[in-house]
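Trainee: Sequence plus the predicted model coming up.
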Amino acid sequence: MPENYDYPIIYKFVHIILGFIVGIKTPISLYLLISILIYQISQYLLNIRLFLLDKMSIEKGNSLKHTLNKLGEYMLGYILGILCLYIFNKNK
């Protein structure tokens, strides 16, 4: 199984945006965080990748490295959300 798990940039943006929403602590943040973790861990455990935005397909093959990479994208969005909250609240 190749380690090259490239995926369209739209997915990277979606991961970052969802992480951002969790980071700004909206009413759905906790549910979104739990959903993200269940979704990503399920894909890893089932050794599949879901492409719901472009191909509408399920592909075999996943790795811990790929899953951690995606979780890192969510984390980037989360950190950006926290920073935005900090800057916004600091200027009040």
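Mentor: Done, it's in. Numbering: from 1, shown residues only.
Trainee: following the strand or helix carrying Phe20, which helix or strand shows up next?
Mentor: In this structure, Phe20 is located in helix 9-23 according to DSSP states H and E. On the C-terminal side of helix 9-23, the nearest following helix or strand under DSSP H and E is helix 29-46.
Trainee: Which strands or helices does the helix holding Phe20 pack on?
Mentor: Packed against helix 9-23 by the contact rule (3 or more Cβ pairs under 8 Å, 6 or more residues apart in numbering; DSSP states H and E) you find helix 29-46, helix 64-90. For glycine as for every other residue, the C-beta is placed from the backbone atoms N, C-alpha and C.
Trainee: What average pLDDT does it get?
Mentor: Average pLDDT, helix 9-23: 96.
Trainee: Then stretch 36-55?
Mentor: 94.
Trainee: related to what we said a few turns ago, looking at the helices and strands packed on helix 9-23, which is closest to Gly19?
Mentor: With Cβ to Cβ, the closest approach to Gly19 among the helices and strands packed on helix 9-23 belongs to helix 64-90: 2.6 Å.
Trainee: Tell me what angle that closest one forms with helix 9-23.
Mentor: Interaxial angle of helix 64-90 relative to helix 9-23 (axes from the mean of the first three to the mean of the last three Cα atoms, to 10 degrees): 50 degrees.
Trainee: which one is the most centrally placed residue in the chain nearest to, not counting chain neighbours?
Mentor: The C-alpha lying nearest the average C-alpha coordinate of the chain belongs to His15 (Cα atoms, centre = their mean; 3.3 Å). Beyond its immediate neighbours in the sequence, the residue positioned closest to His15 (Cβ to Cβ, 6 or more residues apart in numbering) is Glu73, lying 3.7 Å away.
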